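1. my questions are about this predicted structure, shown below with the sequence.
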Amino acid sequence: MKFTCTKENFLQGIQAVSSVTGKQVHLPILNNILLSAEMAGIKAIGTNLELSIVAEIRGKVEEAGSFTIPARTIVEYISLLPAEARIDCELEENELILKSGRQRTKMKGSPATDFPTVPTIEKTHELIFPADRFKRALQRVLVSVSHSEVRPELQGILIFTEAPDQLRTIFASTDSYRLSEVKLEVLSAIDIPVRVILPQRTAQELHRLLPTSQDPITVSFAEGQISCVIGDVHLVSRLIDGNYPDYRQIIPKTWNTEAKIPVSETQKAIKAASLFATQGVSAVSVQVRPNEETLTITSGSSQMGEHSADIAIEGTGQENKVILNHRFLVDGLAAIDEERAVLKVVSGESPCLLQPEKADDYLYIIMPIRQ
């Protein structure tokens, strides 16, 4: 194996795939990146068996071959080279020789024969999204994914299309304490309904790799797998096998109190109140007084003291009070892309809802902390 490329191209490729490598005690080869040089081009590959990422690296191949290198070592070393550096790579027995300027490095690795094969999928259907909106949708639902292994299906994001035209895709996640739902239009209709559970790790990698441009991104599905090509990077992952619960059952049908609240001001008030919340409980009190057009946020603890803030709102319905986790509340407000949000409350014992004032593409349910 022998090839030449720039530092920028090499680093971009190995950084794209290195995040799926890690401390694999039982299969150390998974701590490595596979470098593959063919006459068609250079590729860097990382995998944890559940998720694989392949990145194409622009460069000149003089001799075909492949070899695996510890991911952390190669990424940290290449990042230290000068910005405009040219890198010559050549495999000599079981060492990768890297030459750049006056530097010459021998890096030990392992044969490519020990590296797992990246799966190929037979596409059954595809969804096409604008990259920036797909990225934002993932960000909005990732906060509610469960970290508990008791219910594996909740460790992912439910993605499904709605009949009759299959033009709207729903992203949903819940950890039993809160629920996020995002509605995202696809760029082309499909004939087959989609209903899959995307693993949290895969969603995080997709969010990291997706650009903020409006370029169309195609997400392909097969039996138990998902594939997505993002520029020079190709991601393939297993899906979670299981039945996602009917989460819409927990959304109340009617509300006793509604308030239009300023997002930025409310976020700051909650963050201030969190400084005085009892440690471990993370509770703040939210009181809506529609007749007085006021939202009052309070907190207190015997160690830190007390805090109270009044916010001007537009409200309807009866006066209501609910105690919520301040972190959950801030996360929900951060996902709203408008100046004002709508807060809906039934009672202090029932779930409450946050959604944008105008758009219908997002809702966020928070379970109250019972007194």
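-> Now that the structure is in, tell me what you want to look at. Numbers count the residues shown, from 1 in each chain.
2. and the end-to-end length of stretch 55-74?
-> One end of stretch 55-74 to the other measures 15 Å (Cα to Cα, to the nearest Å).
3. just for the stretch 51-200 of the chain, where's the confidence low?
-> 163-166 (pLDDT under 70).
4. just the strands in it please.
-> Assigned by DSSP state E, counting those that start in this stretch, the stretch 51-200 of the chain shows strands spanning 51-57, 60-63, 65-70, 86-92, 95-100, 103-108, 125-130, 156-161, 168-174, 178-185, 195-199.
5. to Ile323, which of the ones you listed lies closest?
-> strand 178-185 (14.1 Å; Cβ to Cβ). Every C-beta, even on glycine, is put in place using the N, C-alpha and C of the backbone.
6. hey, C-alpha coordinates of that closest one in CSV?
-> The C-alpha trace of strand 178-185 is given here as CSV (Å, rounded to 0.1, in the frame of the first residue of the first chain):
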residue,chain,number,x,y,z
ARG,A,178,-40.6,13.4,28.8
LEU,A,179,-41.5,13.0,25.2
SER,A,180,-40.3,14.7,22.0
GLU,A,181,-42.1,14.6,18.7
VAL,A,182,-41.0,16.3,15.4
LYS,A,183,-42.8,16.3,12.1
LEU,A,184,-40.6,16.7,9.0
GLU,A,185,-41.7,16.8,5.4
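7. outside of that strand, which residues touch it?
-> With contacts defined as Cβ atoms under 8 Å, 6 or more residues apart in numbering, strand 178-185 is touched by 129, 133-134, 137, 140-141, 143-144, 167-174, 247, 250-251, 328, 331-332, 335, 351, 360-367.
8. can you give me the strands in the stretch 201-350 of the chain?
-> Going by DSSP E, counting those that start in this stretch, the stretch 201-350 of the chain shows strands at 216-222, 225-230, 233-238, 257-262, 283-289, 294-301, 305-312, 314-317, 320-325, 340-345.
9. can you redo the ones you listed as JSON lines with distance to Val150, mean neighbour count and mean pLDDT?
-> Formatted as JSON lines, the strands of the stretch 201-350 of the chain follow (distance: least, Cβ to Cβ, whole Å; neighbours: other Cβ atoms under 10 Å; pLDDT from 0 to 100):
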{"stretch": "strand 216-222", "distance to Val150": "27", "mean neighbour count": "19", "mean pLDDT": "92"}
{"stretch": "strand 225-230", "distance to Val150": "24", "mean neighbour count": "19", "mean pLDDT": "95"}
{"stretch": "strand 233-238", "distance to Val150": "20", "mean neighbour count": "21", "mean pLDDT": "96"}
{"stretch": "strand 257-262", "distance to Val150": "34", "mean neighbour count": "20", "mean pLDDT": "98"}
{"stretch": "strand 283-289", "distance to Val150": "24", "mean neighbour count": "22", "mean pLDDT": "96"}
{"stretch": "strand 294-301", "distance to Val150": "31", "mean neighbour count": "19", "mean pLDDT": "94"}
{"stretch": "strand 305-312", "distance to Val150": "35", "mean neighbour count": "14", "mean pLDDT": "95"}
{"stretch": "strand 314-317", "distance to Val150": "37", "mean neighbour count": "16", "mean pLDDT": "96"}
{"stretch": "strand 320-325", "distance to Val150": "20", "mean neighbour count": "20", "mean pLDDT": "96"}
{"stretch": "strand 340-345", "distance to Val150": "29", "mean neighbour count": "22", "mean pLDDT": "98"}
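10. thanks again, I'm all set now.
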